[in-house]
Every structure is written in C-alpha cells, then in structure tokens.
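In: Let me see the structure of the following:
(one chain, ligands or ions: 2)
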Amino acid sequence: MMHSFVKYPLLPSLLLSCIVFSLLCSAKMVTVGDICSKHPNPNSCDKILNTIPGISEGADINSLSSYLINEAHVNAFDSLTLIHNIIANSTNTQFKLRYGSCSLDYNDVLECLTQAKESFSSKNFSAMKSNGAVVVKDAQDCDTKAYDSPQLRLNNQDLVDTAIIITILADFLAGKY
Ligand SMILES: *[C@@H]1O[C@H](CO)[C@@H](O)[C@H](O)[C@H]1NC(C)=O
Ligand SMILES: *[C@@H]1O[C@H](CO)[C@@H](O)[C@H](O)[C@H]1NC(C)=O
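Out: Ligands and ions are numbered 1, 2, ... in the order given. Here you go, the predicted structure:
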C-alpha cells in the first residue's frame, strides 16, 4: 500500500519546484557528479541516481535525501519478502538458518531507515549518517550468507550503494562539503 507513491511521481515535481522557486527553497543543489565523486563505487552511484527523472538538472539535497531514504525502505521491504519466500520454500535447516539471519539483518535495516528518516526530519545529520552506515553493515552481513541467491545479492549490493549515498548526503546536509 505504501509502495506506489514513493517510486517516482512525487520527485520530479519536488526537484522542479526547487529549481523554479529556488529562493523559497533556499535550495542546496547538488549534481550527480558532486555525490558520486565521493562514492567508493561511482559507477553504481551514477546508475542509481540517473534513474531519477530530472536529476540531470541537479537535485535539491533535501528532496533527494527524503526520496532515497524512502526508496531504500521500499526496496528493503521487498527484499525481506524475498527472504521470507526463500525460507518458506526450503526444507534445509542450515539454509533456513542462514536466511533467517538475513531476515534479522533486514529487520534492522528497516528500523535504521525509519530512524534515518526521523534524523533527517529533525536535522540531526550525524545521526542520519550513522543510520546509513549501519544499513551498509547489515546489508554486507546478509550478503555473506546469501551466496546462493543471486537476486538477494543484487538487492544487497543496491542497498549498500544507496545507503552510502545517504551517508554522503548527510555530510552535505551537515555542511561538510
Ligand atoms: C517460493 O514459492 C512460491 C510459491 O510456490 C513462489 O511463488 C516463489 O517464487 C518462490 N520464491 C522463491 C524465492 O523461490
Ligand atoms: C542526534 O542523534 C543522536 C543519536 O540518536 C543523539 O545521541 C544526539 O543527542 C542527537 N543530537 C541532537 C543535536 O539532537
């Protein structure tokens, strides 16, 4: 139910309104290059950000942060559903344990992303950054156990790269760049 609005429709208008009404927004604009040059995996960073309509004009850091946290949350929820299906479809105990451990990682991911959203809203950008960093750790932890699910491994990698972008945006918001 939560899924539909976060995917795309809202963002272009947010980005655009900040371009048009830049005085009202006192917009801190960033480009994909500003962000991805600070990312350990710049190509994946480019790929993630360039799927966002209108991003080539530059993005308002606030709108982009809010959008990416929401998108990460939606995708993490989908990954958790995938993990539950994997567990339900297997009869192997070791296998169930491994993916059970992944589901705990992803419960923590969802919690951290909820906190990241709150930290962002309350302008506690150092907390937002550490929430993002915990998401990276959780996804990497799951990845060590998910070696026989190519789909989950792709999701983990995407989440790691997205959460790193969130930590970079937190640094921008905190005025570090
Ligand atoms: C698990 O089984 C269900 C129902 O048989 C199927 O729809 C789903 O694709 C399976 N999921 C995985 C991850 O194998
Ligand atoms: C920011 O969040 C952290 C972690 O929740 C908390 O310890 C700290 O007091 C908060 N800082 C401010 C200024 O609210």
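
In: Run through the residues of this protein sitting next to ligand 1.
Out: 82, 85-86, 89 (CB under 6 Å from any ligand atom). For glycine as for every other residue, the C-beta is placed from the backbone atoms N, C-alpha and C.

In: Neighbour-wise, which one of these leads?
Out: Within the residues of the chain next to ligand 1, most neighbours by other CB atoms under 10 Å means Ile86, with 21 neighbours.

In: quick one: it is in a strand?
Out: No: counting by DSSP: H, G, I helix; E, B strand; the rest coil, Ile86 is not found in a strand; it is helix.

In: Could you dump the residues of the chain next to ligand 1 into a markdown table and include pLDDT?
Out: Listed next are the residues of the chain next to ligand 1 as a markdown table, based on pLDDT from 0 to 100:
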| residue | pLDDT |
| --- | --- |
| Leu82 | 98 |
| Asn85 | 97 |
| Ile86 | 96 |
| Asn89 | 94 |
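
In: Just give me the closest of those to Asp161.
Out: Leu82 (18.0 Å; CB to CB).

In: residue ranges of the strands in the chain, please?
Out: Taking DSSP state E as the criterion, the chain carries its strands at 29-30, 59-60.

In: that older thread, and which of the residues of the chain next to ligand 1 is nearest Ile69?
Out: Among these, Leu82 lies closest to Ile69 (CB to CB), at 20.4 Å.

In: For stretch 168-177, measure first residue to last.
Out: End-to-end span of stretch 168-177 (CA to CA, to the nearest Å): 9 Å.

In: Going forward, count from 2.
Out: New numbering, starting at 2: the last item is stretch 169-178.

In: Could you list the low-pLDDT ranges of the protein?
Out: Per-residue confidence for the chain (pLDDT under 70) gives these ranges: 2-28.

In: Starting from Cys46, give me the distance back to the residue nearest the centre of the chain.
Out: Among the residues of the chain, the one closest to the centroid is Ala73, at 3.4 Å (CA atoms, centre = their mean). Here Ala73 is placed at a distance of 14 Å from Cys46 (CB to CB, to the nearest Å).

In: Same question for His40.
Out: 4 Å.

In: Good, we can wrap up now.
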